[in-house]
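Student: Provided below for reference: sequence and predicted model.
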Amino acid sequence: MTDRNKFPALVFTALALASVPATAQEGSEGGEKRTRLILGPQLSPSWPGADKFSVGPYVDVSRTRDSEFAFEAPDESFGSPLIHSGNFAFGPAFGFIGKRKASDIGADLPKVGLSIEAGAFGQVHLTPALRLRLDGRKGLSGHKGWTGEVSADYVARQGDDWLFSIGPRVTLGDAKYTRAYFGVTPAAAATSDLPAYDPGGGIQSVGVTAGYHRMLGKRWGIAVYGRYDRLVGDAADSPITRQLGSRNQPSGGVALSYTFGGSR
């Protein structure tokens, strides 16, 4: 699991490694457990709407007793199913967005602090090759709004030997979230030389993500992903986006994987 936004790499990596049992994707009761760790760098916009990029961790920790690991999209939020019922799963979702300072953005705009987000997700496999997922998270700090994502993934795989996925993304945000990153209050307009702008909530961006994982031997493998988002609606029309940021929001990562445990 990974988050495409900037957050402290060491903190997230420590959480991922410390929570292996809690975030593990486990299968049936029988069989010997296997654990797979994916770790590497990813490049993503420093904050929503930024034209600058930051390097963060691309991390995933999975466990299974089944013959193959459960599919996880490379850009989905941090969390793991707590409830399984047939092809449906539900569980907590967590996200992080790094702080945005006036000096970072290049205008005298209010600071948006480090955003720690918590919420939940639900997902369903319509077929073995098609998964739909809905994710919603509340900012406990920073923007303090609601954000979420609707996604679909087509998955092709040959067990754990290789896996390819691709699918569309729709990112959502409420008015509080959108105003934090794309709004300009009258007071901020007077000091930033930007026009006042009061955006509402709704669809923030549309995009697509593709990921690939391939084993290079019994234990080692390589994982790569790429994502492109295009800001739309009020987020795209913001003077912050037009004058100081970008409607184009690409991101991507590359990592090594290591699988241990089990007899495979």
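Tutor: Nice, I can see it. If you're wondering where the values come from, they're calculated on a predicted model, not measured in any experiment.
Student: what's near enough to touch the residue nearest to Val170 when sequence neighbours are not counted?
Tutor: Nearest residue to Val170, sequence neighbours excluded (C-beta to C-beta, 6 or more residues apart in numbering): Val150, at 4.5 Å. Backbone N, C-alpha and C define where each C-beta goes, glycine included. Applying C-beta atoms under 8 Å, 6 or more residues apart in numbering to Val150 gives the contacts 133-135, 169-170, 172.
Student: Pull out the buried residues from the helix or strand containing Val150.
Tutor: Element membership of Val150 [criterion: DSSP states H and E] is strand 146-158. Buried residues in strand 146-158, counted by 16 or more other C-beta atoms under 10 Å: 146-151, 153, 155, 157.
Student: partners of that strand, with directions?
Tutor: Strand pairing for strand 146-158, determined by DSSP bridges: strand 130-139 (antiparallel), strand 162-173 (antiparallel).
Student: Could you give the average pLDDT over the longest one?
Tutor: Looking back up the chat, that one is strand 162-173. Strand 162-173 shows a mean pLDDT of 98.
Student: Show residues contacting that strand.
Tutor: Residues from elsewhere that reach strand 162-173 (C-beta under 8 Å, 6+ apart): 48, 71, 73-75, 145-157, 201-215, 227, 229, 235.
Student: quick one: low-confidence ranges for this structure?
Tutor: 1-31, 66, 263-264 (pLDDT under 70).
Student: would you list every one of the strands in it?
Tutor: Ranges of strands in the chain, per DSSP state E, are 34-45, 53-64, 83-85, 88-97, 115-127, 130-139, 146-158, 162-173, 202-215, 220-231, 248-260.
Student: I'd like these as a markdown table, with distance to Asp108 appended.
Tutor: A markdown table is the format used below for those (distance: least, C-beta to C-beta, whole Å):
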| stretch | distance to Asp108 |
| --- | --- |
| strand 34-45 | 21 |
| strand 53-64 | 22 |
| strand 83-85 | 47 |
| strand 88-97 | 21 |
| strand 115-127 | 21 |
| strand 130-139 | 23 |
| strand 146-158 | 25 |
| strand 162-173 | 23 |
| strand 202-215 | 24 |
| strand 220-231 | 22 |
| strand 248-260 | 24 |
